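Trainee: This is a predicted model, with the sequence first.
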Amino acid sequence: MRRFLLPLILLALFIGESIFVQITPHDLLGSEKIAVPRFLMAGLLFLTIFGSKKHGILYGLLFGLLFDIVYVEIIGIYLFLFPLIAFITTKLMKILQMNIAMASIIVLLGITLLEAGVYQMNLLIHHTDMDFAAFLSSRLVPTLILNVIFIILAVYPLKRLFEKFEASLND
Amino acid sequence: MPQFFLNKRLIILLVSIIILVALIGFSLKERENLTWPEQFLKDTTGFIQNAVSSPVNYVAGFFENVEDLQNTYKENKELKKRLDELARLESEVQRLKKDNTELREILDKKDSLSEFEPKQATVIGRNPDRWHELLIINKGKNAGIEPNMAVITSKGLIGKVKSSNTFTSTVQLLSSMDPTNRISAEIQAKDQSFFGLIEGYDDKTGYLLLKRIPYDAKVEKGQNVITSGLGGVFPKSLPIGKVVDVVPDEFGLTQTAYVKPGADFYDIGHVMVVKRGALQPELMEMVDEKEEEL
């Protein structure tokens, strides 16, 4: 049972994003503001930080592919960005001291990178013509506010869970 | 130079960028349908989403009902006023329908562009990143849903089927930024109608852009916009919205109208997928012989 717990939690976050968007009103943080739930990214980065680095990147690859196929129908965007940001996080962990506050800030940084990366890719394939200033005010800021709330709620349970997972790996 | 190639990480990064570009290119090209591993994954996750979303919708629906109860008195008053008008309208519709079928029989014209066959479906997922406005619905090829069918709610057109798998399908909303997302539309003026194409969506105002209306068309605010059925895919007379504003385009040769969509693109629970009754023309049939020779 313990072996399936980790993929199940990540799958719940994956489906939770879609359900969250469906049941909350679209102008949650004001009209014209788009707050994107990045629960899965936060979960993957917490796994990388508190659990195992290897598993963080591996699950990033797996769920990136799933995200692309199921939600976006353009394969490559999240498949590339999820593991890349997990990898950057492993590099940052070597420099910085890890405690809960630092980890939360790093996860927030990861979400910022993800949003900017997805925006750039969409700009590249002409799926949007939003300029950078509009992106900052109408997307990035609301997204960060929403995800800060999620991180505050989820950081303790996820930390305990992933540390247990890492301990079970070492057994 | 040899050191450069020995750097394993750099090579991994370069190779993955090449794969990334290839994959994006592969998925951006016009595809009739998704490959079977994609369809399998979508169906499997669709199954889980279906199982999760029905209890969630039930709970969300309960809260919505409680909210509705607060407005009941006011709504009831308003509705009673409209009820009298409805009875008159109903009898008129009845009479017109009868007239229509009789006249059609006389003309011996059987299929009409406006005929369609609706199929009910429930929304089980939505793209969370909102760059690509896609919905996932719980009916697929099994229920006869095919790509490019129109998708409506009770209030109007919301989009088209982008791809269909065995048990689920993906719906692309009108608000999605996609240059291939074009719909032939008709503005209903007093005694004539003007035609144009719905091309694009204004993110800031939430209006659809109805382009290529003839420059001399007298389009006014508040006129209804419906699908024209001339695109060969959608049936005729699905409601789209109302004209809000008309401006001449940049060269003054045509006009562009801003259309306020009748349907809400966010609060969508149940949709109808519309199968056109009239035959869909093949592309080859529409191409003129002479053009082919060229």
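Mentor: That came in fine, so what should we check first?

Trainee: Excluding residues flanking it in the chain, which one is nearest the residue of the stretch 101-250 of chain B found nearest chain A?
Mentor: Nearest to chain A in the stretch 101-250 of chain B, going by C-beta to the nearest C-beta, is B:P128, at a distance of 3.9 Å. Heads up, the C-betas are built off the backbone N, CA and C, glycines and all. Of all residues not flanking B:P128 in the chain, A:E17 sits nearest, at 3.9 Å (C-beta to C-beta, 6 or more residues apart in numbering or on different chains).

Trainee: elements contacting the helix or strand harbouring that neighbour?
Mentor: Element membership for A:E17 (DSSP states H and E) is helix A:2-23. Judged by 3 or more C-beta pairs under 8 Å, 6 or more residues apart in numbering or on different chains; DSSP states H and E, helix A:2-23 is in contact with helix A:39-50, helix A:53-67, helix A:141-170, helix B:36-70, strand B:116-126.

Trainee: The ones you listed: which one's closest to B:G252?
Mentor: Ranking the helices and strands packed on helix A:2-23 by proximity to B:G252 (C-beta to C-beta) places strand B:116-126 first, at 37.2 Å.

Trainee: Tell me where the stretch 51-200 of chain B is predicted with low confidence.
Mentor: B:110-111 (pLDDT under 70).

Trainee: who in it is up against chain A?
Mentor: Neighbours of chain A within the stretch 51-200 of chain B, by C-beta under 8 Å from any C-beta of the partner chain: B:52-53, B:56-57, B:60, B:123, B:125-132, B:134, B:136, B:162-163, B:170, B:177-179.

Trainee: For ChimeraX, what selects the buried ones among those?
Mentor: Applying 16 or more other C-beta atoms under 10 Å in any protein chain shown to those, the buried members can be selected in ChimeraX as follows:
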select /B:52,53,56,57,60,123,125,126,127,128,129,130,131,132,134,136,162,163,170,177,178
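
Trainee: got a list of what the closest residue in space to B:W131 that isn't next to it in sequence touches?
Mentor: Leaving aside its chain neighbours, B:W131 sits nearest to A:N122 (5.1 Å; criterion: C-beta to C-beta, 6+ apart). Applying C-beta atoms under 8 Å, 6 or more residues apart in numbering or on different chains, we find A:N122 in contact with A:I77, A:T128, B:W131.

Trainee: From B:L113, how far out is the nearest residue to A:G51 once chain neighbours are set aside?
Mentor: Of all residues not flanking A:G51 in the chain, A:F162 sits nearest, at 3.6 Å (C-beta to C-beta, 6+ apart). Going from A:F162 to B:L113 by C-beta to C-beta, to the nearest Å gives 58 Å.

Trainee: Now, the contacts of A:N122 that are in helices?
Mentor: A:I77 (DSSP state H).

Trainee: wait, which of the contacts of A:N122 is closest to B:L253?
Mentor: Closest approach to B:L253 among the contacts of A:N122 (C-beta to C-beta): A:T128, at 27.6 Å.

Trainee: Phi and psi next, for the residue lying closest to that closest one once chain neighbours are set aside.
Mentor: Spatially, and ignoring its direct neighbours in sequence, A:T128 is nearest to A:N122 (4.6 Å; C-beta to C-beta, 6+ apart). Main-chain dihedrals, A:N122, degrees, to the nearest 10: phi -70, psi -30.

Trainee: contacting residues around B:V273?
Mentor: B:P118, B:K119, B:A121, B:I137, B:K139, B:I145, B:M149, B:A150, B:V151, B:V161, B:S169.

Trainee: And for it, nearest residue in space, chain neighbours not counted?
Mentor: Going by C-beta to C-beta, 6+ apart, B:V273 has B:K119 as its nearest residue, at 4.6 Å.

Trainee: Wait, that neighbour touches B:A143, no?
Mentor: Yes. With contacts counted by C-beta atoms under 8 Å, B:K119 reaches B:A143, the gap being 6.0 Å.

Trainee: In chain A, which residue is most central in space?
Mentor: A:M41 (1.3 Å; C-alpha atoms, centre = their mean).

Trainee: Against A:T143, how distant is that residue?
Mentor: 11 Å.

Trainee: Residues in contact with both of those two, list them for me.
Mentor: A:I111.

Trainee: on that earlier part again, buried among the contacts of B:V273? Make that a ChimeraX selection.
Mentor: ChimeraX command restricting the contacts of B:V273 to the buried ones, with burial defined by 16+ other C-beta under 10 Å:
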select /B:119,121,137,139,145,149,150,151,161,169
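
Trainee: Make JSON lines out of the contacts of B:V273 and add distance to A:L108 and secondary structure.
Mentor: Listed next are these as JSON lines, based on distance: C-beta to C-beta, whole Å; DSSP: H, G, I helix; E, B strand; the rest coil:
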{"residue": "B:P118", "distance to A:L108": "46", "secondary structure": "strand"}
{"residue": "B:K119", "distance to A:L108": "44", "secondary structure": "strand"}
{"residue": "B:A121", "distance to A:L108": "38", "secondary structure": "strand"}
{"residue": "B:I137", "distance to A:L108": "34", "secondary structure": "strand"}
{"residue": "B:K139", "distance to A:L108": "39", "secondary structure": "coil"}
{"residue": "B:I145", "distance to A:L108": "41", "secondary structure": "coil"}
{"residue": "B:M149", "distance to A:L108": "42", "secondary structure": "coil"}
{"residue": "B:A150", "distance to A:L108": "41", "secondary structure": "strand"}
{"residue": "B:V151", "distance to A:L108": "37", "secondary structure": "strand"}
{"residue": "B:V161", "distance to A:L108": "37", "secondary structure": "strand"}
{"residue": "B:S169", "distance to A:L108": "36", "secondary structure": "strand"}
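
Trainee: any idea which of the contacts of B:V273 is closest to B:D43?
Mentor: B:S169 (10.3 Å).

Trainee: and residue 165, what does it touch?
Mentor: Answering for chain A, as no chain was given. A:L5, A:L6, A:L47, A:G51, A:S52, A:H55.

Trainee: think we crossed wires, I meant chain B
Mentor: Contacts of B:N165 (C-beta under 8 Å, 6+ apart): B:L34, B:Q39, B:K42, B:D43, B:G46, B:G140, B:K141.

Trainee: Nice, that's everything, thank you.
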